[in-house]
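Colleague: Any chance you could fold what I've pasted below:
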Amino acid sequence: MADERAEKIKALLADENFMTSALELETPEEVQELFASKGVELSVEDVKALRAALLSKFSDDEEMDEDQLEQVAGGAGWDADGFFTN
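Modeller: Numbering: from 1, shown residues only. Prediction:
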């Protein structure tokens, strides 16, 4: 199930129209609703973790690796100290 969810997230992140829409949104809740409209349920924490992973990707100019994607798809997030947790 997590693999299917990860694949759906990957496909959405590769969809230019979806990403354009996502970048126009202002809150994690709005992004959560956009993903839900495509059949991918994410918590607000998932959205925040995905945002952090994407920001890291763009700052490093590298693709998100399987571990980063799995952490987002698996419900990992950032704790109060700024550490990534599973």
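
Colleague: what's around residue 17, how many residues?
Modeller: By other CB atoms under 10 Å, the residues close to residue 17 number 7. C-beta here means a position set from N, CA and C on the backbone, and glycine is covered the same way.

Colleague: host element of it?
Modeller: helix 16-23 (DSSP states H and E).

Colleague: got the CA coordinates for that helix in CSV?
Modeller: Once side chains and other backbone atoms are set aside, the C-alpha atoms of helix 16-23 remain, and they are given as CSV (Å, rounded to 0.1, in the frame of the first residue of the first chain):
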residue,chain,number,x,y,z
GLU,A,16,3.6,20.0,-14.3
ASN,A,17,-0.1,21.1,-14.2
PHE,A,18,-0.5,19.6,-10.7
MET,A,19,2.7,21.2,-9.4
THR,A,20,1.7,24.6,-10.9
SER,A,21,-1.6,24.4,-9.0
ALA,A,22,0.1,23.2,-5.8
LEU,A,23,2.6,26.1,-5.9
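
Colleague: on contacts alone, who are the packing partners of that helix?
Modeller: Packing partners of helix 16-23 (3 or more CB pairs under 8 Å, 6 or more residues apart in numbering; DSSP states H and E): helix 2-14, helix 28-37.

Colleague: Quick check: which of these is nearest to residue 51?
Modeller: helix 28-37 (7.5 Å; CB to CB).

Colleague: Which positions in that closest one come out as buried?
Modeller: Counting neighbours by 16 or more other CB atoms under 10 Å, one finds that the buried residues in helix 28-37 are 28, 31, 32, 34, 35.

Colleague: cool, stretch 40-54 as well?
Modeller: Taking 16+ other CB under 10 Å as the neighbour-count basis, stretch 40-54 is seen to contain the buried residues 40, 42, 45, 46, 47, 48, 49, 50, 52, 53, 54.
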